[in-house]
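Peer 1: quick one: sequence plus predicted model below, questions after.
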Amino acid sequence: MNPRHREFPPPAPLRDAVKCLWYDRRDAPPEGADLHVLPDGYAEIIFHFGGAYLAPGHPLPSPCIVGLLAEPLKLHARGRLDILAVRCYPWAVFDLLGIPPETAGVRALAHPIAELQPTLARRIHEDRIDVAVADLAAYLLSAQPRLDSVLSRAGAALRDGHGTLPVRDVAAAAHATVRTLERKFRRSSGHTVKDISSLMRFEQVRNRLVLQPAANLAALARELGYTDQSHLHREFKRFSGTTPAAFARRQRVAPILSHSYKSGPP
């Protein structure tokens, strides 16, 4: 586990939109180091301080928004890299910011929140991480987001089921029809309920294989609601670019990064 990774619970009024706020520091060698970020069921608002680049060498904007990923994201770090971020539920992040949804994986965040960059940089330089997190949380609270009640109920069902619930069951939990629910999800996130569920379920498989590389894949497929082991295999390879068996073998040598940029189990 990366000892410099810290997670902070969001203020109570933000809990339907925000999973957590987090900080991470990395010290890369002078020649740099590659970071591979796997997809998961979250969107991230990222502030970074130091050398961070999108392959093949384009500077990563700060702040930026990292939406749902369909494949691993390749980054490159040079020297000291500090990251302060907000991990958001994808159906709530755009309402939280008050901007239209986009499905692009990474994009610059042209938003008043960008004005926090100098203040946060100063806090990070002074190693006042708790104060930086409080500044960022206070800004998000000041926006007073109003989240759709149907999306809030559906989101709670998705979280509780870790992406394994059929869409009809999510709709029932949200007191909505499937058609209404899908329309609201597309309007709020740019994705369908199934898109998000698939990523949440992949994340569960990934987490389990990080913690238990010897886990039985057939049993895992049954537990997480895949049709069979072949279904799990196809979905895992689609999002990670590798098979679950190969991923599990790799964990015994060097655990891959989660979306939260941690160097150990998520």
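Peer 2: Noted; the coordinates are in hand. Computed from a predicted model, the values in this text were never measured in an experiment.
Peer 1: check the gap between P59 and P29 for me.
Peer 2: 19 Å (Cβ to Cβ, to the nearest Å). The way it works is simple: take the backbone N, C-alpha and C, and place the C-beta from them, glycine included.
Peer 1: show me where the protein has its strands.
Peer 2: For the chain, the strands defined by DSSP state E cover 6-8, 18-27, 33-37, 43-54, 58-59, 64-66, 73-88, 106-108.
Peer 1: what stretches of the stretch 151-266 of the chain score poorly on pLDDT?
Peer 2: 252-266 (pLDDT under 70).
Peer 1: rerun at 80
Peer 2: 251-266 (pLDDT under 80).
Peer 1: and what of the stretch 1-150 of the chain?
Peer 2: 1-3, 55-57, 102-105, 143-146.
Peer 1: mind doing that once more with 50?
Peer 2: 1-2 (pLDDT under 50).
Peer 1: so who does P244 touch?
Peer 2: Neighbouring residues of P244 by Cβ atoms under 8 Å, 6 or more residues apart in numbering: V205, L209, L217, L232, H233, F236, K237.
Peer 1: kindly recompute the last result at 10 Å.
Peer 2: Listed by Cβ atoms under 10 Å, 6 or more residues apart in numbering, the contact set of P244 reads 202, 205-206, 208-209, 213, 215, 217, 220-221, 229, 232-233, 235-237.
Peer 1: tell me the centre residue of the protein?
Peer 2: The centroid of the chain falls nearest to Y42 when counting by Cα atoms, centre = their mean (3.2 Å).
Peer 1: phi, psi for that one please.
Peer 2: phi -130, psi 160 (degrees, to the nearest 10).
Peer 1: state the distance from it to Q117.
Peer 2: Taking Cβ to Cβ, one finds Y42 at 22 Å from Q117.
Peer 1: for V170, same thing?
Peer 2: 37 Å.
Peer 1: quick one: which of the two has more around it?
Peer 2: V170 (26 against 14; other Cβ atoms under 10 Å).
Peer 1: and S230, how many neighbours?
Peer 2: The number of residues packed near S230 is 11, by other Cβ under 10 Å.
Peer 1: is it true that it touches T243?
Peer 2: No. Checked against Cβ atoms under 10 Å, the pair S230 and T243 is beyond contact range at 11.2 Å.
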